[in-house]
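J.: return atomic coordinates for the entry below.
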Amino acid sequence: MKLAAQYNKATLVITFIVLFIAGCAYYAAINYIVNKQLDHDLLGETGEVEEYINLHQQLPKLFEGDQTTFTKTNITTFKILFIDTPYHKNRGNKIEPGRAIKTLVDVKEDHYILTIVESKEASEHLTQLIIGITVLLTVILLLILALTNRYIFSGLWKPFYHILQQLKAFNIADSNHTNLPTTNIDEFLQLNDAVTSMSARVKTDYQNLKTFTENASHEMLTPIAVITSKLDTLIQDEKLKAEQFEQINDIYAATNKLSRLNQSLLLLVKIDNDLIQDIATFNLKDVILEKEHQLQELTQNKGIELIHLLEDKEITASKYLIEILINNLFNNAIKHNPINGKLYIKLTDKELIFQNTGDRDPLNSEEIFERFKKGKNSDGTGLGLTIAKNICSQYHYRLSYSFEASFHTFRIIF
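T.: So this is what the prediction gives:
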């Protein structure tokens, strides 16, 4: 939920709760005042009845429809009581809310409970009218708040959304300065300064790191090439002893590994910083078939049974990176496959699956794509699956590992 929507929701809910509580208290106060006024009127009528009885020593004559009653009783003390009770109007055909008073009156030696009932209809109408006006004002206030938050406050938040858009479009490799909005709101001014300072610092650090990485890689290539060249010359020397030949082979293998590691680290830097932009549209099926043909000798040497089920799948990406992705998955499946193992490849419009036989125990799915994490028998750099994972992330593909029916399965969901 957006910040403005969350703010509007909180404001309207709190306002509604406060107004609802205030409305209930307002209704209770009005009802209390109305009852007090009716009680005062009933006391006045009771006083008139008592005055008549004291003057004439008899009960007053009751008229038809009168809501005054006298009930003979033997009690001698009775506390005045005010109660809500039905009021019968028009000879009992209509019932309205009413307010009654009960008190004790004496006529000579007799005692009577005097009950006088008055209609509350007028008061109820007045109360309902006041409550209706209050509810209407509450609705209008909530509507005004909603419109204010939507149109006025949304304008106040425009600098924030502009800054957010700039952060989303931020490219660490772009040398242009971040274009932030001008505003007179202190908090947004502070945010502008923080974003400007952060972006400048990040770009400077990136350029320094990029320069260092490129220089270090370039400087490493020359000694590695020299070492490799010298080793090639030494290996061709027929005077070498078997032990010397074996040691040179070990050095040669280590040098090759160092060269591959250097290239892999450089590739990771380029992928992470989106520096490879040769975007094109091509058929992934063709890439897989081409890579399958290139690695055919490796699969035949290990006696691997390769079964593929490939559909046409058009993708838009860097063909160079996709070839590296497919190559890494192929090499991983072949390298960790036993002699006379199996390799299944399935390509559909929604996913690409590599399944191969191998170790009977599943791999750690949480660590398998981390840098320099590799199997106990692996002699690789530990970066192949990391590069595959980063390439998939670059194009918003989802690469996952699972162990299904004794097969190690790598699945890419497009």
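
J.: relative to residue 283, how far out is residue 313?
T.: 7 Å (CB to CB, to the nearest Å). No exception for glycine: its C-beta is placed from N, CA and C like everyone else's.

J.: can you pull out the helices in the stretch 101-250 of the chain?
T.: 121-147, 154-156, 158-168, 186-235, 242-272 (DSSP state H, counting those that start in this stretch).

J.: so residue 313 and residue 283 - more neighbours on which side?
T.: Legend: neighbour count by other CB atoms under 10 Å for residue 313 and residue 283, higher for residue 313 (19 against 13).

J.: quick one: closest of the helices of the stretch 101-250 of the chain to residue 403.
T.: Closest to residue 403 of the helices of the stretch 101-250 of the chain is helix 242-272 (CB to CB; 25.7 Å).

J.: against which helices or strands is the closest one packed?
T.: helix 186-235, helix 384-394 (3 or more CB pairs under 8 Å, 6 or more residues apart in numbering; DSSP states H and E).

J.: what packs against the helix or strand following that helix?
T.: Next helix or strand after helix 242-272 toward the C-terminus (DSSP states H and E): strand 279-283. Applying 3+ CB pairs under 8 Å, 6+ apart, one finds that strand 279-283 makes contact with strand 314-318, helix 319-335.

J.: kindly reformat those as TSV containing mean neighbour count.
T.: Supplementary listing: the helices and strands packed on strand 279-283 in TSV, determined by neighbours: other CB atoms under 10 Å:
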stretch	mean neighbour count
strand 314-318	14
helix 319-335	20
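
J.: export the ones you listed to CSV and append columns for distance to residue 407 and mean pLDDT.
T.: Shown next, in CSV, are the helices and strands packed on strand 279-283 (distance: least, CB to CB, whole Å; pLDDT from 0 to 100):
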stretch, distance to residue 407, mean pLDDT
strand 314-318, 25, 90
helix 319-335, 10, 89
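
J.: got a markdown table for the ones you listed, with distance to residue 243 too?
T.: What follows is the helices and strands packed on strand 279-283, written out as a markdown table (distance: least, CB to CB, whole Å):
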| stretch | distance to residue 243 |
| --- | --- |
| strand 314-318 | 46 |
| helix 319-335 | 28 |
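
J.: counting contacts, what elements does the helix or strand harbouring residue 21 pack onto?
T.: Residue 21 belongs to helix 3-56 when assigned by DSSP H and E. Judged by 3+ CB pairs under 8 Å, 6+ apart, helix 3-56 is in contact with strand 81-89, strand 94-107, strand 110-119, helix 121-147.

J.: buried residues in the helix or strand following it, which are they?
T.: Sequence-wise, the next helix or strand downstream of helix 3-56 (DSSP H and E) is strand 68-73. Using 16 or more other CB atoms under 10 Å as the test for burial, strand 68-73 gives 68, 70.
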